[in-house]
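Participant: Whatever this is, show me its structure:
(chains A and B)
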There are 2 protein chains.
Amino acid sequence: MSNSAPTYDVIAIGNAIVDIIAACSDDDIAALGLNRGGMTLVDADGADTLYAAMGQATEKSGGSAANTLAGLAQLDTKCAFIGQVANDQFGEVFAHDIRAAGITFETPMRDAEPPTGRCLIFVTPDGERTMNTFLGAGQFLPAAALDEDLIASAAILYLEGYLWDPEEPRRAMRRAIDVARAAGRKVAFTASESFVIDRHGDDFRAMIDDGVIDILFVNESELATLTGEDDFETGFTALAAKVPVLVATRSADGAVASANGERASVEAEPVAKVIDTTGAGDQFAAGFLSGHAKGEPLERCLKRGAIAAAEVISHYGPRPETDMMALMAEKL
Amino acid sequence: MSNSAPTYDVIAIGNAIVDIIAACSDDDIAALGLNRGGMTLVDADGADTLYAAMGQATEKSGGSAANTLAGLAQLDTKCAFIGQVANDQFGEVFAHDIRAAGITFETPMRDAEPPTGRCLIFVTPDGERTMNTFLGAGQFLPAAALDEDLIASAAILYLEGYLWDPEEPRRAMRRAIDVARAAGRKVAFTASESFVIDRHGDDFRAMIDDGVIDILFVNESELATLTGEDDFETGFTALAAKVPVLVATRSADGAVASANGERASVEAEPVAKVIDTTGAGDQFAAGFLSGHAKGEPLERCLKRGAIAAAEVISHYGPRPETDMMALMAEKL
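Facilitator: Prediction:
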């Protein structure tokens, strides 16, 4: 481990999950008692019950940080992923798709139960996704599975807040942070969802205060939960003073970022029809980081984020399905 | 078993398969040496090799006859399916999706190897699909797995030519034909692909000559292979003399049908953009049968077929993703 030139632009640690996506009605959401628009953790039995109630579905690889890498890899960014699947068919699907995206993925499959994680995603006619995640094998990612040389070889270590819940991956991510910082690399973190901050806000605030997080992604409600400030401006200003690069997404209201005192904002990109909002935040992060990794101006990084988010919400599934280099060339 | 009023409109026996679908370039098809636009059987190793060469993919339940039922079930038609999956995650996906479509499916999962069948589908920019099928558990559907009361309770037994290749399902289908005929039901058959007729044409011609097949679906090349006539009109007329209901699809040129001496034809429905032709024939059959099962005039049955085929080629995947009752109401 040294401060030599990085081999990878971004290495991420995140949930290794297959999304099971089905359209549903608003009545279905109510009848099933789902947390509309949110992400709820379910156990194996809960997942089975919800799956039985779900309509005909489509399976696509998912996982928040893995989705971000799939976007980054399309934007001339060299990426590696660390995450835990089981040795089963969904595990093969996840591994295939992330490698087919051009991403290095060498975490060994886990032979024991539980199976590979899955996320049951109910998409209402307005395009809003309601996620119900069975973490499965993902919650057993051990620190021992980390390839520390690989982590040290990436300019940015990107971590997913969702994975802060289970104990083993949390320990693994703490170790990964140490490895990255010892190698002089940057640490990026996405808060993932307010409920994660409800449970682990003290951890996150301590890491922020300790200067461990270089790049932080939040949405409005995560910002409020993290700072305790209901007013966006007040919360943003307070947090921006503590984090070198802060990116706050505001759904249809665009996004705001600050970097070392500078501040910029972007409008949301127009979308003809919102089909499925799954992956919007993940792809915003991908677009932003693809510019940031190349040292582009803050406003241009934000614009990249907005373009990537608009692409992914225009179709089912959490990863780009368009030639993103061509789209960026057209829209930037 | 009796000639009492049927409980089901259609029961089908077919491959129980999960489709793995990815976009690819024309160069990919050439580099991989694939049979462009066709269906090729591959073994487990062949499937693994092709999968490794495939881009990021999407999984959707498939299987020709199962796709037809999924279309029929949306068109006010009561359906049951018989097919063999293994006790694995793809088996669960297939079983979930067919039941979620409202179709009775009770064939027990198979506990032994091989795994559930899968079809690797490469879709070129013109929307043409190139299929590579690993039959997996499907080729071991035993006659013992047939629910004979269920077969006898359906007005139409629908059989998939693809499944005539493996020995056990062929035996099962022969048994099912006997059961259906003894109960006074009709037998419908889709030829599936010319290569199946290359191998089993004598079987099919014998069944046709014996009057065992009441409703036959072919496309142009299957018609030519089956009749030995290169001229469509000559082949169609010859075959129509032997089969009570004959439906011949001609891709962009529409379709022709004859029923007990009457003849009708339909133009192809216009499609804004062909995305993926997977399932076009399956959904044509679904549309046609949904009308035929209700005793509608031949021309209207054909129109239903054309509408259903146009819907499925306008998106990825082999089953309808639109409210088909509403679409029929609009277009008929």
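
Participant: got the residues of chain A near chain B?
Facilitator: Proximity of chain A to chain B (C-beta under 8 Å from any C-beta of the partner chain) is limited to residues A:22, A:51-52, A:54-61, A:70, A:88-90, A:93, A:96-97, A:100-101, A:115, A:317, A:319. C-beta coordinates here come from the backbone N, C-alpha and C atoms, glycine included.

Participant: can you pull out the helices in the stretch 51-200 of chain A?
Facilitator: For the stretch 51-200 of chain A, applying DSSP state H, counting those that start in this stretch gives helices covering A:64-73, A:89-100, A:148-152, A:167-182, A:194-209.

Participant: Which of those helices sits closest to A:Ala280?
Facilitator: Shortest distance between A:Ala280 and the helices of the stretch 51-200 of chain A, using C-beta to C-beta, is found for helix A:64-73: 10.0 Å.

Participant: could you give the angle of the closest one to helix A:89-100?
Facilitator: Using axes from the mean of the first three to the mean of the last three C-alpha atoms, to 10 degrees, the direction of helix A:64-73 lies 30 degrees away from that of helix A:89-100.

Participant: Enumerate every residue touching the residue of the stretch 101-250 of chain A found nearest chain B.
Facilitator: Nearest residue of the stretch 101-250 of chain A to chain B (C-beta to the nearest C-beta) works out as A:Ala101 at 5.5 Å. By C-beta atoms under 8 Å, 6 or more residues apart in numbering or on different chains, the contact list for A:Ala101 reads A:69-70, A:73-74, A:319, B:56.

Participant: now A:Thr116
Facilitator: Neighbours of A:Thr116 in contact, by C-beta under 8 Å, 6+ apart: A:16-18, A:85-86, A:88, A:90-91, A:94, A:136-138.

Participant: Tell me which of the helices of the stretch 51-200 of chain A sits nearest to B:Lys294.
Facilitator: Among the helices of the stretch 51-200 of chain A, helix A:89-100 comes nearest to B:Lys294, with 39.3 Å by C-beta to C-beta.

Participant: Show me what the closest one is packed against.
Facilitator: Packing contacts for helix A:89-100, counted by 3 or more C-beta pairs under 8 Å, 6 or more residues apart in numbering or on different chains; DSSP states H and E, involve strand A:17-23, strand A:58-61, helix A:64-73, strand A:104-105, strand A:116-123, helix B:89-100.

Participant: Using PDB, write out the CA atom coordinates for the fifth one.
Facilitator: What it means is strand A:116-123. Taking Å, rounded to 0.1, in the frame of the first residue of the first chain, the C-alpha atoms of strand A:116-123 are listed here in PDB:
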ATOM      1  CA  THR A 116     -28.300 -14.100  -2.400                       C
ATOM      2  CA  GLY A 117     -30.100 -10.900  -1.400                       C
ATOM      3  CA  ARG A 118     -33.100  -9.700  -3.300                       C
ATOM      4  CA  CYS A 119     -35.100  -6.500  -3.400                       C
ATOM      5  CA  LEU A 120     -38.900  -6.800  -4.200                       C
ATOM      6  CA  ILE A 121     -39.700  -3.500  -5.900                       C
ATOM      7  CA  PHE A 122     -43.300  -2.500  -6.400                       C
ATOM      8  CA  VAL A 123     -43.700   0.300  -9.000                       C
END
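
Participant: That strand vs strand A:17-23, what angle?
Facilitator: Put simply, strand A:116-123 runs at 20 degrees to strand A:17-23, going by the same axes, to 10 degrees.

Participant: Most neighbours among the contacts of A:Ala101, which one is it?
Facilitator: The residue in these with the most neighbours, by other C-beta atoms under 10 Å in any protein chain shown, is A:Leu69 (32 neighbours).

Participant: mind checking pLDDT for that one?
Facilitator: On the pLDDT scale, A:Leu69 is placed at 98.

Participant: Residue of the stretch 151-300 of chain A nearest chain B, please.
Facilitator: For the stretch 151-300 of chain A, the residue closest to chain B is A:Ile275, as judged by C-beta to the nearest C-beta, at 11.1 Å.

Participant: give the contact list for that residue.
Facilitator: Taking C-beta under 8 Å, 6+ apart, one finds A:123, A:127, A:313-316 in contact with A:Ile275.

Participant: And the strands in the stretch 201-332 of chain A?
Facilitator: A:215-219, A:245-249, A:255-259, A:262-266 (DSSP state E, counting those that start in this stretch).

Participant: need those in TSV with mean neighbour count and mean pLDDT, can you?
Facilitator: Below are the strands of the stretch 201-332 of chain A laid out as TSV (neighbours: other C-beta atoms under 10 Å in any protein chain shown; pLDDT from 0 to 100):
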stretch	mean neighbour count	mean pLDDT
strand A:215-219	25	97
strand A:245-249	24	98
strand A:255-259	22	98
strand A:262-266	16	98
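
Participant: export those to a markdown table and tack on distance to B:Cys119?
Facilitator: Formatted as a markdown table, the strands of the stretch 201-332 of chain A follow (distance: least, C-beta to C-beta, whole Å):
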| stretch | distance to B:Cys119 |
| --- | --- |
| strand A:215-219 | 38 |
| strand A:245-249 | 39 |
| strand A:255-259 | 41 |
| strand A:262-266 | 42 |
